[in-house]
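Q: All I have is the shape, not the residue letters:
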């Protein structure tokens, strides 16, 4: 039994109104894997890096009990690199540089020791590669969560639709839900997307929280109001990783557990944005996480007495 | 003991992507008064109309136990008229016509029988008039809630700041909170606005719900995800009226009761937008309201078990 996370492990250079970084470690699998590791200690990664990727960073994964057997290190090649600049509202950003490098011909090889995968987190990547991972697993995982983005809707919609068919939970943001469904109303968008394959849809709304839809239920989770959002990079991956990590820990898939999973994912995402990159996410104590969960409880829970 | 609502009672002509109305009854005091009446049966209105205002509509207020002694009817004059057209996203609108008519020289006369006011709802109006009402009450109400909008920030900021000083709760939307405070972060905006007078600030975020801030607590209320928002006119007034009506009913002002009040206000607002004008709001049963409250509970409540 394990949780397999696939996605990028990469370098980012980030500029926000609060400052600027050199190349720091990022990538969907990095954020999702770290987040999941706070709840579940059998998290395994499939990703690819170049030999420019620091050995200490791989050691850091292992310190978080993340299995890196499936992390391919390509000799003489360079890791994927992305550079972006956030606008003042932190809700939009410009991509300054994208260097695919090792990602250009990434073949997601699943080590034999990973075939016990019960929980699969498909981090944001080419839908084609996401699909390949599903097909290479001998047993269909108990739960497949897929994250994606508008970029793949623009250039690979057919592949995306093929892959969506195979998953249990899809996580996208509100603009992407509208793009994918052609519906402006998120309720109508969700209804349509839930006919495309997934049994659950999570619509991420950034500072406005997240919505979870099943065929007949809706859950609205708040985001923690923050004085400063320092760096939103990786917040969505962190959310998804925390979400599936919590579900892997409790082991039972139902709507109530998914509600809690969303709160845990949101709590980790609220830490993620407080510092650049993975800095905050790498160094959380159990007490900090529990305290943040309590903040979500007092933020959103009420008691109606007639 | 009573709840006094001041604001406009008026005609609206509304165009949304779903259709178009002729002149229908609207106005902040209309929506807020009707909403409050579902929870509190000693609601009284101060407003002004012309003699073009239908007698049946006044009778409708009375049927909802709303006292209309303070509703001035100006002979030979016309009621305030506003006409607007909503854009496809329903979050923005263009004002097509504004005819002040009787509102141009509105003097808010408080009948003696209204001096038992314990709860005061200052619906959206000139800050000057809102302030006059406070000063004309012999005893300072236990709770003063003030709604306002960007229009007054643009043309009467000094008056607005004077009036804000005198109230307990201010309700504005997110863009208005940013305009009033000069801060983009809503947490920072709230901190600043809470130094301007109010002890509580409610930031209305439309489809994203509402935030309640006190000096040291925050509550995040969801909005009910709706397939269709038919007509958003009056949703904010309905929210405010439901909010203060619930508090008048329970009679104790504290943060927990305010949380519930926001849920009740949000529930009524979710009905308001389902039809044009006050149609839905005029004809709700207790069961419908209770059922909608339950929808808010299942929408936002979760149970973390470690």
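A: Great, that's in hand. Small disclaimer: the values here were computed from a predicted structure and weren't measured. Numbers count the residues shown, from 1 in each chain, chains lettered A, B, ... in the order given.

Q: show me where the stretch 201-306 of chain A has strands.
A: A:210-213, A:218-221 (DSSP state E, counting those that start in this stretch).

Q: Distance to chain B, mean pLDDT and mean neighbour count for those strands - can I get that in a markdown table?
A: (Each C-beta comes from the backbone N, C-alpha and C, glycine too.) Below are the strands of the stretch 201-306 of chain A laid out as a markdown table (distance: least, Cβ to the nearest Cβ, whole Å; pLDDT from 0 to 100; neighbours: other Cβ atoms under 10 Å in any protein chain shown):
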| stretch | distance to chain B | mean pLDDT | mean neighbour count |
| --- | --- | --- | --- |
| strand A:210-213 | 6 | 98 | 24 |
| strand A:218-221 | 4 | 98 | 24 |
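
Q: Quick one: low-confidence residue ranges for the stretch 101-250 of chain A.
A: Applying pLDDT under 70 to the stretch 101-250 of chain A flags no residue at all.

Q: Kindly report the residues of it close to chain B.
A: A:184-188, A:191, A:205, A:207-209, A:211, A:217-223, A:225-229 (Cβ under 8 Å from any Cβ of the partner chain).

Q: quick one on the thing from earlier: pipe the strands of the stretch 201-306 of chain A into JSON lines and attach distance to residue A:278 per row.
A: Below are these laid out as JSON lines (distance: least, Cβ to Cβ, whole Å):
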{"stretch": "strand A:210-213", "distance to residue A:278": "21"}
{"stretch": "strand A:218-221", "distance to residue A:278": "23"}
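
Q: of those strands, which approaches residue B:292 most closely?
A: Closest of these to residue B:292 is strand A:218-221, at 13.6 Å (criterion: Cβ to Cβ).

Q: What pairs with the closest one, parallel or antiparallel?
A: Paired strands of strand A:218-221, with direction, are strand A:210-213 (antiparallel) (DSSP bridges).

Q: So what's the residue count around residue A:135?
A: 9 (other Cβ atoms under 10 Å in any protein chain shown).

Q: make that residue A:51, sorry
A: The tally of other residues near residue A:51 (other Cβ under 10 Å) stands at 13.

Q: Residue A:89 against residue B:178, yeah?
A: No - at 10.2 Å, residue A:89 does not count as touching residue B:178 under the criterion of Cβ atoms under 8 Å.

Q: So for those two, which residue has more residues nearby?
A: residue B:178 (18 against 12).

Q: Next one: the more buried one from residue B:170, what distance?
A: As judged by Cβ to Cβ, to the nearest Å, residue B:178 and residue B:170 stand 14 Å apart.

Q: which residues does the residue most central in space within chain A contact?
A: Taking Cα atoms, centre = their mean, the centroid of chain A lies closest to residue A:237, which sits 2.3 Å from it. Residues counted as contacts of residue A:237 (Cβ atoms under 8 Å, 6 or more residues apart in numbering or on different chains) are A:7, A:27-32, A:35, A:123-124, A:147.

Q: and residue A:27, how many neighbours?
A: Applying other Cβ under 10 Å, we find 29 residues neighbouring residue A:27.

Q: Just want the phi and psi numbers for it.
A: When read as degrees, to the nearest 10, the backbone of residue A:27 gives phi 110, psi 150.

Q: wait, does the lengthiest helix in chain A make contact with chain B?
A: Among the segments of chain A that qualify as a helix by DSSP state H, the longest is helix A:255-272. Yes - judged by Cβ under 8 Å from any Cβ, helix A:255-272 comes into contact with chain B at A:256, A:259-260, A:263.

Q: Figure out how far that helix is from the centre of its chain.
A: A distance of 12 Å separates the centroid of the chain from that of helix A:255-272, by Cα atoms, centre = their mean, to the nearest Å.

Q: now the residue lying closest to residue A:77 once chain neighbours are set aside: how far from chain B?
A: Closest residue to residue A:77 apart from its sequence neighbours, by Cβ to Cβ, 6 or more residues apart in numbering or on different chains: residue A:50 at 4.1 Å. Distance, residue A:50 to chain B, by Cβ to the nearest Cβ, to the nearest Å: 38 Å.

Q: quick one: contacts for the residue of the stretch 51-200 of chain A found nearest chain B?
A: Residue nearest to chain B within the stretch 51-200 of chain A: residue A:187 (4.4 Å; Cβ to the nearest Cβ). Residue A:187 sits next to A:218, B:225-227 when contact means Cβ under 8 Å, 6+ apart.

Q: got it, and residue A:81?
A: So residue A:81 contacts A:10-13, A:23, A:97-99, A:101 (Cβ under 8 Å, 6+ apart).

Q: do you know how far it is from residue A:281?
A: 20 Å.

Q: before we move on, what about residue A:297?
A: Counting by Cβ to Cβ - residue A:297 and residue A:281 are separated by 21 Å.

Q: now residue A:70
A: Separation of residue A:70 from residue A:281 (Cβ to Cβ): 21 Å.

Q: Show me what the longest helix of chain A packs onto, helices and strands only.
A: Helices and strands touching helix A:255-272, as assessed by 3 or more Cβ pairs under 8 Å, 6 or more residues apart in numbering or on different chains; DSSP states H and E, comprise helix A:28-37, strand A:210-213, strand A:218-221, helix A:235-250, helix A:279-282, helix A:286-300.

Q: just those: most buried one?
A: helix A:28-37 (a mean of 31; mean count of other Cβ atoms under 10 Å in any protein chain shown).

Q: C-terminal to that one, what's the next element?
A: strand A:43-50 (DSSP states H and E).

Q: How far off centre is the next helix or strand after that next one?
A: Per DSSP H and E, strand A:43-50 leads on to helix A:55-63 as the next helix or strand towards the C-terminus. Helix A:55-63 sits 19 Å away from the centroid of its parent chain (Cα atoms, centre = their mean).
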